[in-house]
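[1] got a structure for you, letters missing:
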C-alpha cells in the first residue's frame, strides 16, 4: 500500500509518498480503508521532533518506525476484521483517533476494535467525520470533565477559531455558559456564528487585564499562562491549558492553596467521547468547520499551511485507495 512517510525530523519537505507493507489485522483488530485524515498542530510538532523532550517518545535522532506515517484522525470503511472482533463488521463506515500510533495518512490503517473508534455520523462526509475527532473530543474532555463547566458560568476560549476552539465555543454554550472567544479580527464573524457571546481580538485587546471576570479560561493553544491569566479569573476560577509540562507542577501547587486553580489534563482514550460527538452531529447540534481540504498528493502543502498557525477549524486530506 501507499503511505505518507518521513524518515527524519524536519520541515514539510521530509514527507514523501512511499510503498509500505499493508497491515494485517490480528484477532482483535479491524483493517480500515482510509478515506480521509487531517493535519493537526500536534502532527506538525511530531514531524519536527518538537519539543526536544518529546523525542523520548518520538525517537531521539529520527522518528520511531511506528511514528513515521503521520495522521492522528481518520475516517474510512472497515474492509476486514479479526476473528475475535464483535463491535464492527466489514462495510462499517467509521471515524476515530489513532493516538500515539499515528499512521492515518495511508491507504489502510489497522486498529484494535477497543481503540478510539466509532461508527461515522450518518450525515457527514468522510472529510467532515475525520475533522470531528480530536478537536471535538478534546474540547469535550477539558470543558466537561476537567473544568466541569455548568450553567451560568463565564467561560473564555483562547484560540477560539482553531480546531479545538471552534468546538469549545459550541460545547461551552451547550453547557449553559456565557462564552467569550479570543481570536483574530478576521475570525470574529466565524466564532460569533458558532455561538460566542463576546469576541476579543487578541491583537488589540488583552483579556488578561479584566479582573475577576472568568470562571474558566480554556487556553486551547497555550498562548498565555496561569500567571498572566490569574487576575482575570474569579476567586474560584480555573485556568485550563492543553499543553506544557510546567502546568502540571502549577496544578499541584494551586491544589494545595485555596482559590484559583490550574487544571491540565491529557485526553487520549476517546471512544466514549466519540459516541457523544457522533450523537450531537447527527442531531445537528455541532458544526464542523473545515478551512481547507487537500488532495493526498498535496500533503506537503497542507503541512506548510497548518504550520503558519492561521488555519480556521480543521484542515483535511482526502485519501482513497485509488488516489
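    Perfect, thanks for sending it. Remember, predicted model here, so these are calculated numbers, not experimental data. Numbering: from 1, shown residues only.
[2] List the buried residues in the one helix or strand residue 238 maps to.
    Secondary structure assignment for residue 238, by DSSP states H and E: strand 233-241. Buried residues in strand 233-241, counted by 16 or more other Cβ atoms under 10 Å: 233-234, 237-241. C-beta coordinates here come from the backbone N, C-alpha and C atoms, glycine included.
[3] Which parts of the stretch 201-323 of the chain are strands?
    Remark: strands assigned in the stretch 201-323 of the chain by DSSP state E, counting those that start in this stretch are 214-219, 233-241, 261-262, 290-295, 314-318.
[4] Pull up the pairing partners for the strand holding residue 238, direction included.
    With DSSP bridges as the test, strand 233-241 is paired with strand 214-219 (parallel), strand 261-262 (parallel).
[5] and for the first one, what are the contacting residues?
    This means strand 214-219. 142-143, 147, 149, 153-159, 168, 172, 177, 180, 224, 229, 232-234, 236-242 (Cβ atoms under 8 Å, 6 or more residues apart in numbering).
[6] could you redo the strands of the stretch 201-323 of the chain as JSON lines and give each row distance to residue 132 and mean pLDDT?
    Shown next, in JSON lines, are the strands of the stretch 201-323 of the chain (distance: least, Cβ to Cβ, whole Å; pLDDT from 0 to 100):
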{"stretch": "strand 214-219", "distance to residue 132": "19", "mean pLDDT": "97"}
{"stretch": "strand 233-241", "distance to residue 132": "21", "mean pLDDT": "94"}
{"stretch": "strand 261-262", "distance to residue 132": "29", "mean pLDDT": "84"}
{"stretch": "strand 290-295", "distance to residue 132": "10", "mean pLDDT": "98"}
{"stretch": "strand 314-318", "distance to residue 132": "8", "mean pLDDT": "98"}
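[7] nearest spatial neighbour of residue 303, skipping sequence neighbours?
    In space, and not counting its chain neighbours, residue 303 is closest to residue 12: 3.9 Å by Cβ to Cβ, 6 or more residues apart in numbering.
[8] ignore the last one, residue 133
    Per Cβ to Cβ, 6+ apart, closest to residue 133 is residue 73, 4.0 Å.
[9] which ones are touching that neighbour?
    37-38, 40, 95-98, 104, 130-131, 133-134.
[10] re earlier: ok, the buried residues of strand 233-241 vs residue 61, which is closest?
    residue 241 (29.6 Å; Cβ to Cβ).
[11] For this structure, give me the ranges with low pLDDT.
    Applying pLDDT under 70 to the chain flags the ranges 244-256, 321-323.
[12] Before I go, just wanted to say thanks for your time.
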